[in-house]
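Q: Here's a sequence, model it:
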Amino acid sequence: MASFYIPLSGLESDSTAMNTIANNLANLNTTGYKSQTVNFFDLFYQQLGEEGSGGLIQMGSGVGIAGIESQFSNGSVVSTGNETDVALQGNGFFVLQDGNTQIYTRDGNFNLGANGALTTQSGLSVMGFPATGGVVNTNAPMTPIMLPVGQIEPAQATTTMGMTVNLDSAAAVGTSVPTQISVYDSLGEAHVATVTYTKTATNSWTYSIALPAGTATGSANASGTLTFDSSGNLTSPTSNVAGVSFTGMSDGAANLSITFDVLGSSGKPTLTQTDATSAASATTQNGFASGSYSGFSIAADGTVNASFANGQTLAVGQLALANVPSLSGLKLLGNGNFATTQASGNAAVGTSGSSGLGTMEDSALEASNVNISAEFSDLIIAQRAFEANSKAVTTFDTIAQETINMVH
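A: Purely as a prediction, here's the structure:
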């Protein structure tokens, strides 16, 4: 009987709507959860006849569920202070490896395993692009992100050093200006090198580079002449001084071979001569001691930088992001994970900020995008619809019972 089937279809559909709302509310605090909305459609119509004007007389057969749609708007970013947490804002998903299958998630609540693997709470590998020597290769195949937990970064001997120095043009001939800079040998031992500038004539100075007594048995190309023009600009040397070396290191380290940078990264001299007190304002060098792994951070572009106790950082990979042509076609797997389907299309993988993909925030998580006010409003509407359909069923039941009583 249509009188029962029609409201029953409404009860079933409204029940689905209330279950969906209940699931949204239950996941109000679920990281990266995307709320869902139930869409209805009217069922087929039965033709009962025609009007006098030729119009059709049609009666509906109830309601059905057209689909349950996930809303992929961004949730708010919540700071956690946990280095393994990553919030994604904008389009895209983190890429995970589940056996031989790639799946996707918005949940950046990751773990760091004892072996250095970055994983989800359920143990799936977080995928990204590898790095060699601190340089990420986004053209290489994706690999699991690995951190150098428990590893030691080897020492790096100083190969370049420089300083920003002003030499007093009013200084008397014979004036010496000693400056100091720490350099490192191949064993990571720090040595304080002294660079002494001595005025020899107007607009002319010499320099000499020395290590503390007993540190090395010999040196080469460790001294030279500096010439300035009438405006105090360095005119000679015109390039960085290569081949400064110290041999016979007392601690058994390899010979030091250093380039003395008198030009900055822009090619402009860092040594000047003006009528001001002689002083060094900054020093630079590229050596460092060895250091153990101490932590990591993730940049807005997804680059994973490992930190070491010696103050150095090293890029060890870059988190990959993926997106699909049709978000509504994704299959929900639970645990905040999604899989591609024929309806969603294949995932295109890239990096943060490229091809319309979003950006990342370290030590933060993306909250659920459930709007509690909207959910309660929808719940009231669904409840009223359910009650109305229930009333229709009981009304039709009463009519049917009265009809039966009339027959008897």
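
Q: Find the residue at the geometric middle of the chain.
A: The centroid of the chain falls nearest to Gly302 when counting by C-alpha atoms, centre = their mean (2.9 Å).

Q: can I see the domain layout of this protein?
A: The chain is divided into the following domains under automatic domain parsing: 2-72+369-407, 77-153+293-366, 160-285.

Q: Averaged pLDDT, the last one. What do you get?
A: I take that to be domain 160-285. Computed over domain 160-285, the mean pLDDT rounds to 96.

Q: Ends of that domain, what's the gap?
A: When the termini of domain 160-285 are compared using C-alpha to C-alpha, to the nearest Å, they are 6 Å apart.

Q: before we move on, what about the longest one?
A: Distance between the boundary residues of domain 77-153+293-366 (C-alpha to C-alpha) amounts to 5 Å.

Q: Tell me how far it lies from the chain's centre.
A: Average the C-alpha atoms of domain 77-153+293-366, do the same for its chain, and the two points are 7 Å apart (C-alpha atoms, centre = their mean, to the nearest Å).

Q: now stretch 22-30
A: Offset of stretch 22-30 from its chain centre (C-alpha atoms, centre = their mean): 26 Å.

Q: buried ones in it?
A: Across stretch 22-30, burial judged by 16 or more other C-beta atoms under 10 Å covers 24, 27, 30. Bear in mind the C-beta positions are built from the backbone N, C-alpha and C, glycine included.

Q: which ones are touching the last one?
A: With contact set as C-beta atoms under 8 Å, 6 or more residues apart in numbering, Thr30 has these partners: 336, 368.

Q: residue ranges of the helices in the stretch 1-150 of the chain, please?
A: 2-26 (DSSP state H, counting those that start in this stretch).

Q: picking up where we left off before, quick check, nearest of the buried residues of stretch 22-30 to Val370?
A: The nearest member of the buried residues of stretch 22-30 to Val370, counting by C-beta to C-beta, is Asn24 at 4.9 Å.

Q: Next one: the residue nearest to the centre of the chain relative to Ser245, how far apart?
A: As for Gly302, its distance to Ser245 is 41 Å (criterion: C-beta to C-beta, to the nearest Å).

Q: ok, and the closest non-adjacent residue to the residue nearest to the centre of the chain?
A: Leu319 (3.7 Å; C-beta to C-beta, 6 or more residues apart in numbering).

Q: Hmm, Gly128 and that neighbour touching each other?
A: Yes. Leu319 is in contact with Gly128 according to C-beta atoms under 8 Å; the separation is 4.5 Å.

Q: Now do the shared contacts for these two.
A: Between them, Leu319 and Gly128 share the contacting residues 145, 302, 304, judged by C-beta under 8 Å, 6+ apart.

Q: what residues are up against the residue nearest to the centre of the chain?
A: When the contact criterion is C-beta under 8 Å, 6+ apart, the partners of Gly302 are 128, 318-321, 351-352, 360.

Q: please redo it, this time with the cut-off set to 10 Å
A: By C-beta atoms under 10 Å, 6 or more residues apart in numbering, Gly302 lies in contact with 86, 88, 94, 128-129, 136, 145, 317-321, 350-353, 357-360, 362.
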